[in-house]
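Peer 1: just coords:
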């Protein structure tokens, strides 16, 4: 284990363990060339201002230019930020990332006249343009969606002003990202063998899974003591982000940030509130899980740092990356040969940046640019959870692969609401495979524990995050201030409600809000819970119905944003406009609890 104590520098990581970023640009010089090309294209956009209503051909020509600029901006932005994420302390890529961010705002500002101008064209004239201009048919849904948002589009001058304000609005997120990924340093603790180990973002989850309670406690206290020492600065950054979101919602004539965010995907408000209500109605299941955890761990007091250690204490699954790849491929076999072909392509062609290195961005994600393959960032540490993270992120990647292949650029990017469905469906299929193929009783219990953890972490915990976001945004919209004290109190009270009476809600957990990057992307996290619910329903259908369900599912993956998310999911067999998918998922959670109690009896 000694070799894992100190992280390698990025320059010391073997190429085979890194993503093929050169597939985007072979060199920084090539990036610079396209960056300059993109800057030179901006005046061409302005040439169309005031002319979009002249003819269908002119409107089509403009939309095609928007696509060309968008594709190029995506490449420039993704490369700069992925290089930055490789080593957030690298000044060269800090600069490239900043330049890309600034240029992205400039592109948005240059295009800001378009939507108000399109909305000023009478709908019957746009319909005539579509009849006269063959190429405009491709943009039919795009134009329809713009017209739907007409009440929230401002004048060209105001749209340009809001676009210019975008760079300032990104400041809270950028400040938090720099602090959380480059500046914050956690203390060293002693591992299970008494050897010093530095806490990092990537190692923290692994330390909380330790069988040694002292290790778990010291990691937990070390992380939150560090955040606590910056609590006022972090509260100021969080508050500033909520306020800028509120500003843009008001500017666009929405009643709340939540309403504005959901309207981007035409998601009914009831989807959000139904999720929270359904989870509250089934809160007893989470309390039952907490009680079972306390009983199986055999401790007088269950603490927050005891929530992640496996309930089956004498099994430790250490899974090297090559073995993890094989397990994932076996688990995803029900999705068919074509899906497995793409998975293999990703494995063999360095789509994945595998291991943690010094100053590497924490966590995991899938990203990429239209016209090339997706990329996956991992911080793989050989745990069972890391195997599921691989399945999860490859679900995102293959979703992007299908959408990019089947859709034109204008529809290739899928909405956030459906983003977590493909990733979580992979996890559900993987756990089903592992449970069916595992003969060892204790290992089966270990896997069920993992599945229970996914429900706890994805459905319950992300819903708690969603409720925290809803309440904090409402506080700002009602004129209340967000201080470190009231943020901590609100977060503490939510933990009490979600985890129940059989656990000590340690004061350290009150600071957890300060380390959640997704809170800087307003009302994103609820989609983990809705996506999880939809994915459970889809995975059950795939396993029970086979080929017809797989065909519907692949069609869904290939649809991008060619329709509204709720409608796309309906074609795959799930109606998220009701509580039913959430209730179905929680029914499975209850069945797993029953199995766990029986196995451990």
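Peer 2: Looks like it arrived, so ask away. These figures come from a predicted structure and were not determined experimentally.
Peer 1: OK, contacts around residue 64?
Peer 2: residue 135 (CB atoms under 8 Å, 6 or more residues apart in numbering). Placement of C-beta: from N, CA and C, glycine included.
Peer 1: just the pLDDT for it.
Peer 2: The model reports residue 64 with a pLDDT of 98.
Peer 1: for it, pull up the helix or strand it's in.
Peer 2: Under the criterion of DSSP states H and E, residue 64 resides in helix 56-86.
Peer 1: count the neighbours of residue 116 for me.
Peer 2: Applying other CB atoms under 10 Å, we find 18 residues neighbouring residue 116.
Peer 1: and residue 15, by the same measure?
Peer 2: Count around residue 15 with other CB under 10 Å applied: 9.
Peer 1: what's the answer for residue 232, then?
Peer 2: Neighbours of residue 232 (other CB under 10 Å): 11.
Peer 1: how about the nearest residue to it, chain neighbours excluded?
Peer 2: residue 484 (5.3 Å; CB to CB, 6 or more residues apart in numbering).
Peer 1: where does residue 52 fall, secondary structure wise?
Peer 2: With DSSP H and E as criterion, residue 52 is part of no helix or strand.
Peer 1: my guess is it contacts residue 62, does it?
Peer 2: Yes. Counting by CB atoms under 8 Å, residue 52 touches residue 62, with 6.0 Å between them.
Peer 1: what touches both of those two?
Peer 2: residue 114.
Peer 1: which residues in the stretch 251-400 of the chain form helices?
Peer 2: For the stretch 251-400 of the chain, applying DSSP state H, counting those that start in this stretch gives helices covering 257-263, 269-281, 283-297, 321-331, 337-348, 384-406.
Peer 1: what comes up buried for stretch 6-17?
Peer 2: 7, 10, 13, 17 (16 or more other CB atoms under 10 Å).
Peer 1: so the last one versus residue 357, what's the distance?
Peer 2: According to CB to CB, to the nearest Å, residue 17 and residue 357 sit 9 Å apart.
Peer 1: before we move on, back to that, correct me, but the residue nearest to residue 232 touches residue 233?
Peer 2: No. Under the criterion of CB under 8 Å, residue 484 makes no contact with residue 233, lying 9.0 Å away.
Peer 1: okay, these two: which has more neighbours?
Peer 2: residue 484 (21 against 14).
Peer 1: how near is that one to residue 468?
Peer 2: As judged by CB to CB, residue 484 and residue 468 stand 14 Å apart.
Peer 1: with residue 372 instead?
Peer 2: Counting by CB to CB - residue 372 and residue 468 are separated by 37 Å.
Peer 1: more neighbours: the two, which one.
Peer 2: residue 468 (21 against 16).
Peer 1: my guess is that one contacts residue 492. True?
Peer 2: No. If you go by CB under 8 Å, residue 468 and residue 492 don't touch, sitting 10.9 Å apart.
Peer 1: OK, contacts around residue 282?
Peer 2: By CB under 8 Å, 6+ apart, the contact list for residue 282 reads 583, 586.
Peer 1: go again with 7 Å.
Peer 2: residue 586 (CB atoms under 7 Å, 6 or more residues apart in numbering).
Peer 1: give me phi/psi at it?
Peer 2: phi -110, psi 20 (degrees, to the nearest 10).
Peer 1: give me the distance between residue 132 and residue 50.
Peer 2: 21 Å.
Peer 1: burial count for residue 479?
Peer 2: 6.
Peer 1: is it in a helix, a strand, or coil?
Peer 2: Recorded secondary structure, residue 479: coil (DSSP: H, G, I helix; E, B strand; the rest coil).
Peer 1: mind checking how far it is from residue 246?
Peer 2: Counting by CB to CB - residue 479 and residue 246 are separated by 10 Å.
Peer 1: what does residue 577 give?
Peer 2: Distance from residue 577 to residue 246, by CB to CB: 27 Å.
Peer 1: on that earlier part again, would JSON lines of the helices of the stretch 251-400 of the chain with distance to residue 511 be doable?
Peer 2: JSON lines is the format used below for these (distance: least, CB to CB, whole Å):
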{"stretch": "helix 257-263", "distance to residue 511": "23"}
{"stretch": "helix 269-281", "distance to residue 511": "23"}
{"stretch": "helix 283-297", "distance to residue 511": "21"}
{"stretch": "helix 321-331", "distance to residue 511": "32"}
{"stretch": "helix 337-348", "distance to residue 511": "37"}
{"stretch": "helix 384-406", "distance to residue 511": "23"}
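Peer 1: figure out which of those is closest to residue 514.
Peer 2: helix 257-263 (19.8 Å; CB to CB).
Peer 1: flag every buried residue along the closest one.
Peer 2: 257, 258, 259, 260, 261, 262, 263.
Peer 1: list the residues that contact the residue lying closest to residue 320 once chain neighbours are set aside.
Peer 2: Leaving aside its sequence neighbours, residue 320 sits nearest to residue 382 (CB to CB, 6+ apart; 5.9 Å). Taking CB under 7 Å, 6+ apart, we find residue 382 in contact with 318, 319, 320.
Peer 1: in PyMOL, select just the buried ones from those residues.
Peer 2: Applying 16+ other CB under 10 Å to those leaves a buried subset, and the PyMOL line that selects it is:
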select buried, resi 319
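Peer 1: surely residue 514 is in contact with residue 233?
Peer 2: No. Counting by CB atoms under 7 Å, residue 514 does not reach residue 233; the two are 9.3 Å apart.
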